[in-house]
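Enquirer: take this sequence and fold it.
(one chain, ligands or ions: 1)
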Amino acid sequence: MSIFNISVDRRNSRSFKWDMMEQTYNLDDASEILPMWIADMDFAAPKEVVEAIEERLKHPVFGYSYVCNGCKEAIVDWYIRRHQWTINPDTILFHHGVVPAIASIIETFTNTNDKIAISTPVYPPFFNVPTNQNREIITCDLVEIDGSYTYDFAALEETFKQGVKLYILCNPHNPAGVVWSRAQLEQLVALCIKYDVYLLADEIHADLMNEGNIFTPALTVAGADQAKIISCIAPTKTFNLAGIQAAMMVVPDDHLRAQLEQNALAHGKMDLNAFASAAVQAAYTHGEEWLNELLQYLSTNMDYVVKELNAINGISVAKPQGTYLMWVDYRGTGLSEEEIMDRLLSIGKLALEPGTKYGEAGRGFLRMNIACPLATVEDGVARFKTALQ
Ligand SMILES: Cc1ncc(COP(=O)(O)O)c(C=O)c1O
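Expert: Model prediction:
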């Protein structure tokens, strides 16, 4: 039996996904609701990661701690092994999350009222974080083709012409699970060079490739050495460690890195905490077998959802190339977002993410997180059907 069939009770574990539904969906009681929304998994982390944290816990002194070279080597080895990407360990800066890293990058390289471009629909902090720093967001919609997306580079160029300072890339793409090709990334990098735009590449979903798809790190494409690129990576999506809080910025350009280090000093920022660095090292050292099995498991879950949901009138969903998120098109039902969300929550007792959370371009879609035991996915699909009957 797969370890991923094991159901772990997460209620009352301070889980955002399971314990914060009343607040998020404005409900009096969410005890009957099945959560398939926020992007974490219902699976236990690899046992070696748990053991590494336990091991650290056994030492009862929790004084100031640094990220050791062994941890950096584990990160570097992982990216060479999995993605043929050689990262110089000296170019890695640590942060407690990719979203906080995005905030630091925006604060460091842009000023109040500067224009930041994003391609919608996209992960909400891409617009929330800059807006909260009084930056102006300019959206350029991706082009939707049968529930997947591609870039319209001519439209993006027009956007850049408006005087954009920084572009935030989601590679692979959340919510639609698109894995951008080397050719697409090269075009994007060329545009960034042409218009002198910083490229912030959020690559947190890099490891979550569905079979046959290959992640291309933005920093490895032709022209990357001429561009102002910062990549954000993390083991937290891959190994389900979001609550541990750990991320890395890869910044090969010395000048850019010095500016980010200065920003860290200005905020009194420290390296990873003692538990996070133990977890990161263990995950990248011992997590490979676990991840390979996970990817197969997720693929089976996705096949099931594709088969079942596509049989419903008005619903269409494609298997994503990467991530564990499915982008469900309900435009054929004729329901409004309010109507379908109401049906899902009150009749189906199922919590999915409404598409407009990812920008207006997401209207007509729902995001479904299938990183849970197949039995839970089956339950979710049954609830979905009940909601639409
Ligand atoms: C594209 C993307 N970036 C960042 C994050 C969150 O990163 P962190 O938890 O490290 O802040 C997520 C989580 O869903 C995500 O999908």
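
Enquirer: what is the rounded mean pLDDT of stretch 252-263?
Expert: The average pLDDT within stretch 252-263 is 98.

Enquirer: now do stretch 277-289
Expert: Stretch 277-289 comes out at a mean pLDDT of 98.

Enquirer: need the residues that contact that stretch.
Expert: 45-46, 48-49, 51-53, 55-56, 65-68, 70-71, 74-75, 77-78, 81-82, 235, 238-239, 241, 244, 246, 271-272 (Cβ atoms under 8 Å, 6 or more residues apart in numbering). All C-beta atoms are positioned from the backbone trio N, CA, C, and that covers glycine.

Enquirer: which SS class is residue 252?
Expert: Secondary structure for residue 252, judged by DSSP: H, G, I helix; E, B strand; the rest coil, is coil.

Enquirer: give me phi/psi at it?
Expert: phi -70, psi -30 (degrees, to the nearest 10).

Enquirer: neighbours around it, how many?
Expert: 16 (other Cβ atoms under 10 Å).

Enquirer: repeat for the one 10 residues further on
Expert: When neighbours are defined as other Cβ under 10 Å, residue 262 has 10 of them.

Enquirer: still on that earlier bit, please indicate which of the contacts of stretch 277-289 are buried?
Expert: Listed as buried from the contacts of stretch 277-289 are 45-46, 48-49, 52-53, 56, 65, 67, 71, 74-75, 78, 82, 235, 238-239, 241, 244, 246, 271-272; burial here means 16 or more other Cβ atoms under 10 Å.

Enquirer: which residues does residue 95 contact?
Expert: Shown in contact with residue 95 (Cβ under 8 Å, 6+ apart): 101, 104, 232, 247, 248, 249, 269.

Enquirer: how close does the residue of the stretch 151-300 of the chain found nearest the ligand get to residue 369?
Expert: Going by Cβ to the nearest ligand atom, the ligand is nearest to residue 174 of the stretch 151-300 of the chain, at 3.9 Å. For residue 174, the distance to residue 369 equals 11 Å [Cβ to Cβ, to the nearest Å].

Enquirer: need the residues touching each of the two.
Expert: 39, 325.

Enquirer: how far does stretch 61-71 sit from its chain's centre?
Expert: Centroid displacement of stretch 61-71 relative to its chain, using Cα atoms, centre = their mean, to the nearest Å, is 26 Å.

Enquirer: endpoints of it, how far apart?
Expert: Here the two ends of stretch 61-71 are set 20 Å apart, with distance taken as Cα to Cα, to the nearest Å.

Enquirer: now do the strand or helix carrying residue 100: which elements does it pack against?
Expert: Using DSSP states H and E, residue 100 sits in helix 98-109. Packing partners of helix 98-109 (3 or more Cβ pairs under 8 Å, 6 or more residues apart in numbering; DSSP states H and E): helix 125-132, strand 164-170, strand 198-202, strand 229-233, strand 247-250, helix 254-266.

Enquirer: hey, which of the ones you listed is tucked in deepest?
Expert: strand 229-233 (a mean of 27; mean count of other Cβ atoms under 10 Å).

Enquirer: anything in that strand near the ligand?
Expert: No: judged by Cβ under 6 Å from any ligand atom, strand 229-233 stays clear of the ligand, getting no closer than 7.4 Å.

Enquirer: ok, residue 135 touching residue 113?
Expert: Yes: taking Cβ atoms under 8 Å as the definition, residue 135 is a contact partner of residue 113 at 7.0 Å.

Enquirer: give me the more crowded residue out of those two.
Expert: In terms of neighbours (other Cβ under 10 Å), residue 135 is the more surrounded of residue 135 and residue 113; the figures are 21 against 9.

Enquirer: got the contact list for the more buried one?
Expert: 106, 110, 112, 113, 114, 115, 116.

Enquirer: again, only using 10 Å
Expert: 106-107, 110-116, 127, 129, 165-166 (Cβ atoms under 10 Å, 6 or more residues apart in numbering).

Enquirer: so for it, what's the pLDDT?
Expert: 98.

Enquirer: and of the contacts of residue 95, the nearest to residue 380?
Expert: residue 247 (28.9 Å; Cβ to Cβ).

Enquirer: which residue packs closest to the closest one, ignoring adjacent ones?
Expert: residue 234 (4.0 Å; Cβ to Cβ, 6 or more residues apart in numbering).

Enquirer: do the same with residue 138
Expert: Per Cβ to Cβ, 6+ apart, closest to residue 138 is residue 117, 4.9 Å.

Enquirer: do I have it right that the one you found meets residue 165?
Expert: Yes: here residue 117 reaches residue 165: they are 8.8 Å apart, a contact under Cβ atoms under 10 Å.

Enquirer: quickly list what's touching both of these two.
Expert: 136, 195, 197.

Enquirer: among the residues you listed, which one has the most neighbours?
Expert: Busiest of the shared contacts of residue 117 and residue 165 [other Cβ under 10 Å] is residue 197, holding 24 neighbours.
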